[in-house]
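[1] With the sequence up front, the predicted model follows.
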Amino acid sequence: MGTPYIPTRAQDPRRTIWFETRPRHLAGRGDPRHITQALRAAGWKNHSDPDYPHVALVSPDYRHTLVLEPQPEPYAAWWRIRSESDEGRWYTEFGGNTPVEILASLTDALLQPAPETTPDVWSALTSAGWTYERDEHGNETATHPDGILSLRRWTVSPSERFFWTAEATLTGGLGGRDRLWRASLDDAMPRHLIAAFTAALGSDEPVQRGMYDVPHSHLVTQHQRGPQGKQLAAAREARLKAVRAAARKARRSAALPTRNGPAPATSSPATVRSR
């Protein structure tokens, strides 16, 4: 018997006509496999319940977990990443409309060794035309030129714990703000992960989406150009191949000290008899 036809949104990219979509921070969630397939290619194990609509992945060393659980509200926390190790604990979450290309900048960085130097978070945004402000309490805010997207590092009271929040919001009725998506990052996260995420926030590179496959079509421009099905499928395979190769290299590097290290000390028979 052949494979049955199952109508689903999880289609091969060859089945869709793709449109270059700008700005990327308003392009909607995209294909979550851009993240989940890369993590699995790096050796993360799938601990999902097949009878429950979620994805639960665990890193090979069990230090990191990623959970994708769709919620009724697209701005609620769909993505949750947790880390627990001897170096510390941190937690971060992202709303459903967070573009996967932006979130993948963080998860991709999680798969790589920490860099020797970490780029400054704020200069990456100000060089992209964002405004920057810092108040007397140390709270920092950068705002995209369109006024919709912002990044904040803030604290409830001075000298206490800081938090990072990225938000895309629109002006609502009575002077309020309607949230499109929200990301919350832990200040205890390794700084290079935050820098990778914010660099993706500041990027003006378009993303590929299907026509009207965006949550707010009036906020974006879409043009039928850029890579299409075959090119996107090839790019996805190349991305996964690179992730697998990097994971194999990391495993070999981790094993070298064990194989090349000094031989463990052993007791001679005379020493044993003398005890």
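    Right, received. Where do you want to start?
[2] Show the backbone phi and psi for residue 154.
    phi -140, psi 160 (degrees, to the nearest 10).
[3] for the closest residue to it other than its chain neighbours, what are its contacts?
    Closest residue to residue 154 apart from its sequence neighbours, by C-beta to C-beta, 6 or more residues apart in numbering: residue 139 at 4.4 Å. All C-beta atoms are positioned from the backbone trio N, CA, C, and that covers glycine. Residue 139 is in contact with 152-155, counting by C-beta atoms under 8 Å, 6 or more residues apart in numbering.
[4] Filter those residues down to the buried ones.
    With neighbours counted by 16 or more other C-beta atoms under 10 Å, the contacts of residue 139 contain buried members at 152-153.
[5] Now distance to residue 63 and secondary structure too, for the contacts of residue 139, in a markdown table please.
    As requested, the contacts of residue 139 are exported to a markdown table (distance: C-beta to C-beta, whole Å; DSSP: H, G, I helix; E, B strand; the rest coil):
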| residue | distance to residue 63 | secondary structure |
| --- | --- | --- |
| 152 | 28 | strand |
| 153 | 25 | strand |
| 154 | 27 | strand |
| 155 | 27 | coil |
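[6] if I look at residue 145, how far off is residue 128?
    9 Å (C-beta to C-beta, to the nearest Å).
[7] The two - which one has more neighbours?
    Set side by side, residue 145 and residue 128 show more neighbours around residue 128, with 15 against 11, by other C-beta atoms under 10 Å.
[8] Residue 75 contacts residue 177, doesn't it?
    No. At 11.2 Å, residue 75 does not count as touching residue 177 under the criterion of C-beta atoms under 8 Å.
[9] residue contacts, residue 171?
    Neighbouring residues of residue 171 by C-beta under 8 Å, 6+ apart: 177-178.
[10] Beta-bridge partners for it, please?
    Counting by DSSP bridges, residue 171 forms beta bridges with residue 177.
[11] Report pLDDT for it.
    Note on residue 171: pLDDT of 83.
[12] Who are the contact partners of residue 63?
    So, once contact is read as C-beta under 8 Å, 6+ apart, residue 63 ends up touching 83-85.
[13] now residue 140
    By C-beta under 8 Å, 6+ apart, the residues touching residue 140 are 122, 132-134, 152-154.
[14] which among those residues gets closest to residue 189?
    Taking C-beta to C-beta as the measure, residue 189 sits nearest to residue 153 out of the contacts of residue 140, at 11.7 Å.
[15] Isn't residue 114 up against residue 196?
    No. Taking contacts as C-beta under 8 Å, residue 114 lies outside contact range of residue 196: 10.7 Å.
[16] neighbour-wise, which of these two wins?
    Taking other C-beta under 10 Å, residue 114 and residue 196 do not tie; residue 196 has more neighbours (24 against 11).
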